[in-house]
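Chemist: Using only what follows, build the 3D model:
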Amino acid sequence: MSEANNKNLPRDTFLYLLAIITLVVVAVGFGMAVFNYIDFYFPDPATDYYRSASSYEGAIRQAMAMLIVVFPVFFWVSRFLRKDVRLHPEKKELKIRKWLLYLTLFAAALVIIGDFVTVVNNFLRGELTTRFALKALTIFFISGSVFYYYLAQLKEKGSGTLFLKYLTPFIVAVVIAAVGWGFAVIGSPFAQREKRFDEKRVQDLQTIQNQIIYYWQSKQSLPLILSDLEDTISGFKVPLDSQSGEEYEYSVSRGDEVGFELCAVFNNSDISGVETNVVVKPVAPRGEYYTNENWQHDAGRYCFERTIDPDLYPSIKQK
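Modeler: Down below sits the predicted model:
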């Protein structure tokens with residue numbers, strides 16, 4: 001080997017190690033993304049009975065971030081190493097190169113085996129056959145692509161090298177499609193931000209509602225205005241709309257029943273079919289009507305009517 005190649009050996013070792021790490025991250029991220037897409041589009045009533053559609057978003061965002069950040073690094077490192085081998089064909093026979101390529105395959109195999117064990121375990125727990133089959137196909141795609149890509153590099157001859165030229169852009173296209181699919185499921189970052197504001201509004205209204213109920217149990221009357229709930233001893237302060245900074249609307253219902261109304265202005269609707277009057281329905285897959293069924297809202301100004309049952313919420317003094 002030439003002296004220049006000897007000098008580049010530490011650099012090449014570092015790059016091969018970087019390729020191993022990024023490959024593992026990409027394989028995990030791609031599998032995580034596709035698995036969650038499959039679970040999202042093929043909900044299983046046996047396992048996802050109380051799981052809401054939004055519960056998939058965190059894992060999908062994490063997987064997308066892994067692919068967006070790490071895959072370009074993996075692609076650049078792999079392409080750089082392949083070009084370097086073409087410029088210096090003698091590097092093909094380096095033992096350190098072959099060791100690192102086999103180490104890459106070993107690391108990828110561990111990840112793939114772990115994923116497949118998880119998939120089989122879920123299947124044995126009674127997961128839908130469709131979900132199991134799709135996840136198994138995903139693992140076979142990942143394993144087949146990884147093993148063929150690196151085994152072809154070890155051989156680098158014949159029709160395998162030609163096929164490798166077509167495999168690389170195909171893998172790039174699949175990863176881009178996986179990221180794009182994620183945006184289709186969870187929406188753009190701007191849509192996510194609006195959704196976070198809406199979720200915060202619901203949390204605020206839930207907190208206010210709990211304080212109103214506690215106020216009722218303590219005094220057997222409803223507060224006239226929300227500021228009556230504030231307590232310097234407990235430190236409770238009525239939250240404001242985090243996006244607009246405005247106060248939430250509150251009013252006491254008129255009639256024989258003890259009731260009140262809380263209103264807020266929402267960015268988006270989380271009601272299936274954008275219904276204006278929500279009727280409580282049986283629990284559906286992905287929990288559309290279970291998670292926050294009492295807090296589903298349409299876009300724009302939306303009010304929640306509440307009635308306090310004295311039997312369910314008796315006076316604290318009577319307890």
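
Chemist: ok, now which ones touch Met64?
Modeler: Neighbour list for Met64: Gly29, Ala33, Val179, Gly182, Phe183 [criterion: Cβ atoms under 8 Å, 6 or more residues apart in numbering]. Yep, even glycine has a C-beta here, placed from its N, CA and C like the rest.

Chemist: Now restrict the residues you listed to buried residues only.
Modeler: Gly29, Ala33, Val179, Gly182 (16 or more other Cβ atoms under 10 Å).

Chemist: where does the last one land in three-state SS?
Modeler: Reducing the assignment at Gly182 to three states with DSSP: H, G, I helix; E, B strand; the rest coil gives helix.

Chemist: Quick check: nearest residue in space to it, chain neighbours excluded?
Modeler: Excluding the flanking residues, the one nearest Gly182 by Cβ to Cβ, 6 or more residues apart in numbering is Met64, at 4.3 Å.

Chemist: How about the second one?
Modeler: In space, not counting the residues next to it along the chain, Ala33 is nearest to Ala63; the distance is 3.7 Å by Cβ to Cβ, 6+ apart.

Chemist: wait, isn't that neighbour in contact with Ala27?
Modeler: No - shown here, Ala63 and Ala27 do not form a contact pair, counting by Cβ atoms under 8 Å, at 11.2 Å.

Chemist: just to revisit the earlier point, between the contacts of Met64, which is nearest Leu101?
Modeler: Closest to Leu101 out of the contacts of Met64 is Gly29 (21.5 Å), distances taken as Cβ to Cβ.

Chemist: tell me the contacts of that closest one?
Modeler: Gln62, Ala63, Met64, Ala65, Met66, Leu67, Val70, Phe71.

Chemist: any idea which helix or strand carries the third one?
Modeler: If I follow you right, that is Met64. helix 57-87 (DSSP states H and E).

Chemist: still on that earlier bit, how close does the residue nearest to Gly182 sit to Gly31?
Modeler: In this structure, Met64 and Gly31 are 13 Å apart, going by Cβ to Cβ, to the nearest Å.

Chemist: now do Tyr215
Modeler: Counting by Cβ to Cβ, the gap from Tyr215 to Gly31 is 50 Å.

Chemist: got the phi/psi numbers for Val258?
Modeler: phi -90, psi 110 (degrees, to the nearest 10).

Chemist: is it true that it touches Thr307?
Modeler: Yes - using Cβ under 8 Å, Val258 makes contact with Thr307 at a distance of 6.7 Å.

Chemist: The two: which has the busier surroundings?
Modeler: Val258 (17 against 10; other Cβ atoms under 10 Å).

Chemist: circling back to that earlier point, so who does the residue nearest to Ala33 touch?
Modeler: Gly29, Phe30, Met32, Ala33, Asn36, Gly182.

Chemist: Narrow these to those in helices?
Modeler: Gly29, Phe30, Met32, Ala33, Asn36, Gly182 (DSSP state H).

Chemist: Specify which member of those residues is nearest to Thr118.
Modeler: Closest to Thr118, out of all of the ones in helices among the contacts of Ala63 and judged by Cβ to Cβ, is Met32, at 10.8 Å.
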